[in-house]
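Q: Sequence plus the predicted model coming up.
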Amino acid sequence: MDELNLIDVCQQIGSVAGSSYLFTAGLHRKLTAKNKPIGQLTVDELLAAINQYNDVFNCIDQHMAMRRKQKIFKILGE
């Protein structure tokens, strides 16, 4: 691992602190489901979990945004 990789890893892990409660709560559930204390996860395991949950979270968030737009268009169309 070179210095740039170290910085990237730190940024990815640190970005969790700035995330919404919904994201951090869901990520916490995902991590605790591994039946391994968070402190015992490897950096690779932690990054993989963050990235996987981020993909799922973004997909759900986009779906919810689309449903909100559909509701607005339905209200405006009526």
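A: Now that the structure is in, tell me what you want to look at.
Q: hang on, A49 packs against T42?
A: No - here A49 does not reach T42: they are 10.5 Å apart, not a contact under C-beta atoms under 8 Å. Where you see a C-beta, it was placed from the backbone N, CA and C, and this is true even at glycine.
Q: Longest helix in the chain, by number of residues?
A: helix 43-77 (DSSP state H).
Q: Now do the buried residues in that one.
A: Residues of helix 43-77 classed as buried by neighbour count (16 or more other C-beta atoms under 10 Å): 46, 49-50, 53-54, 57.
Q: L27: which of the residues you listed is nearest?
A: Among the buried residues of helix 43-77, Y53 lies closest to L27 (C-beta to C-beta), at 4.8 Å.
Q: still on that earlier bit, looking at the buried residues of helix 43-77, which two lie furthest apart in space?
A: Farthest pair in those, by C-beta to C-beta: L46 and F57, 15.9 Å.
Q: Does the helix or strand of the chain with the lowest mean pLDDT pack against any helices or strands, and if so which?
A: Every helix and strand in the chain was compared by mean pLDDT, DSSP states H and E; the lowest is helix 43-77, with a mean of 81. The contact analysis (3 or more C-beta pairs under 8 Å, 6 or more residues apart in numbering; DSSP states H and E) places helix 43-77 against helix 3-14, helix 21-32.
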